[in-house]
Every structure is written in C-alpha cells, then in structure tokens.
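A.B. asks: sequence and predicted structure are below.
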Amino acid sequence: MNVVKLHDTDSFVGIILEIRIMDITENKTYNSSIVYGSLLMAESRKIADLLLRNADSAQWHHAIVIENILQKRSTVTAKKQGHLIKNRLILMNKALWVLVRDGSAEVASQALLAAAIKHSRLIGDFLDTIMRQHWQTFTKKINVKDWNLYLEQCAQIDPQVDTWKATTRSKLKQIVFRILAEAKYIDNTKTCNLIPISLSPEVKTYLVKNKEDYVLSCMDIT
C-alpha cells in the first residue's frame, strides 16, 4: 500500500490527509463512468436476477431492450445503465448478487455500495479519506468545497482527472453524493449531514469472508 500525504489549507486547516492507494484492480486510475447512475437499486435487483439466472447475451438483449425491464425512456439509457450495473456486480460473487436481489432496502443498498466502491476508486477513496476525516474531526457535513479539494488530490494521483470538464466534475459530484444519500451515509443531497453508519451483518460477513479489505475499510468509517 502506498501513501500520498497532501496538505490541505482549505476545508481542513493544518490537517494532513492521507490518500491510501489500494491495489484493487490492475487499472489504478479514476474513471468517470459512474455518471450513468447512482446505486439504482430497483434496476440493480433486476440485473442481479439476470446474473443469478445465468442469462446469455440473447436473453440480456431481450430483457434490457425488448422487455425494457429497467423501464427507461430510451434504449441507449437502458443499455448504459444495464452495462454499468453489470460491470459493478460481476466484480463480486453470487452471494452478493443474492443480497442485492433479495435483501432488505438497507442490505441491498449496502451491497450495491460495496460493488460500486470496488468498481470505482472515485467513490471508495472519497469515503476512505474525506468522509473518514470528517468523522475524525467532528465535521458533520460535506459540501462542494470538499469535493473540489478531493478532485485536486485525485489529480495528483491520476493526472487525467485534470482533463475532466467542469460539467463532468459537477455530474460526478451529484452522483457520488446521491450514492452516499441512498446508502444512508448522509441525510440527503441538499443538507449533506453525515449519518452514523452501521454495516449490516450480511454485508460485513460477505466482505470479510471474501477478503474485500479495501471495500470494508471504505464503508466502515464511523
């Protein structure tokens, strides 16, 4: 594990933030693919069911395009969101897919957050650094300044972040904050007050059993 220390002179005066670079995938870059959707629980339950039924490509096409099981207005949107959800879920195993499909709202949302974190370090590192630091310093809400500071830190790790347009940065902030609200880490996307989190036994057991240390660290921040 590498550690990059960054001095923050804005939101956390005099505090050194540590961004832990975890080897969760071979591609150690931040990507903006999450702009296509937040946790998408209703849609994810349906995609998890397709995965659990071992649907082939023809069955996927029929379900997403013909039946429009995701209930999207356009085929393009359905395909993009279906692809995003599938790419998240296939990083985990069938045990998590069952939690997504059959679990309570709390269990399913935490299972989906776990998959989203493994799929995108942009989400995981925000939780593991900014959100954790807020709890440690008794700063009980997040704001756009925190997000902008975070992207500056990301750019020092992955220079391509600096090439993202302002609209992309804004959209990513909306998606990440919405994910945090859906997973009950903040109360909503307007006030953004932090909420103490308690991981469900089912999700925590899955993460420990499957040695998802990075994901568990990002989620267990209070």
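C.D. replies: Received the coordinates, thanks. Residues are numbered from 1 along each chain as shown.

A.B. asks: spatially nearest residue to Lys80 (excluding sequence neighbours)?
C.D. replies: Spatially, and ignoring its direct neighbours in sequence, Lys80 is nearest to Tyr36 (4.7 Å; C-beta to C-beta, 6 or more residues apart in numbering). The C-beta positions use only the backbone N, C-alpha and C, and glycine is treated the same way.

A.B. asks: what count of nearby residues applies to that neighbour?
C.D. replies: The local packing of Tyr36 (other C-beta atoms under 10 Å) involves 17 other residues.

A.B. asks: again with Ala166
C.D. replies: Applying the criterion other C-beta under 10 Å, we find 7 residues in the vicinity of Ala166.

A.B. asks: would you mind measuring from it to Lys173?
C.D. replies: Between Ala166 and Lys173 the distance, using C-beta to C-beta, to the nearest Å, works out to 11 Å.

A.B. asks: got it, and Thr205?
C.D. replies: When distance is defined by C-beta to C-beta, Thr205 is 32 Å away from Lys173.

A.B. asks: the more surrounded of those two?
C.D. replies: Each of Thr205 and Lys173 has its neighbours counted (other C-beta under 10 Å); Lys173 has more, 19 against 13.

A.B. asks: what residues sit buried inside the helix or strand containing that one?
C.D. replies: Under the criterion DSSP states H and E, the helix or strand holding Lys173 is helix 166-182. Counting neighbours by 16 or more other C-beta atoms under 10 Å, one finds that the buried residues in helix 166-182 are Arg169, Lys171, Leu172, Lys173, Ile175, Val176, Phe177, Arg178, Ile179, Leu180, Ala181, Glu182.

A.B. asks: walk me through the domains of the chain.
C.D. replies: Structural domains of the chain, as assigned by automatic domain parsing, span the residue ranges 2-31+117-219, 35-103.

A.B. asks: quick one: closest of those domains to Ser109.
C.D. replies: Distance to Ser109, taken as C-beta to C-beta, is lowest for domain 2-31+117-219 among the domains of the chain, at 5.0 Å.

A.B. asks: what mean pLDDT does that closest one have?
C.D. replies: Over the span of domain 2-31+117-219, the pLDDT mean works out to 85.
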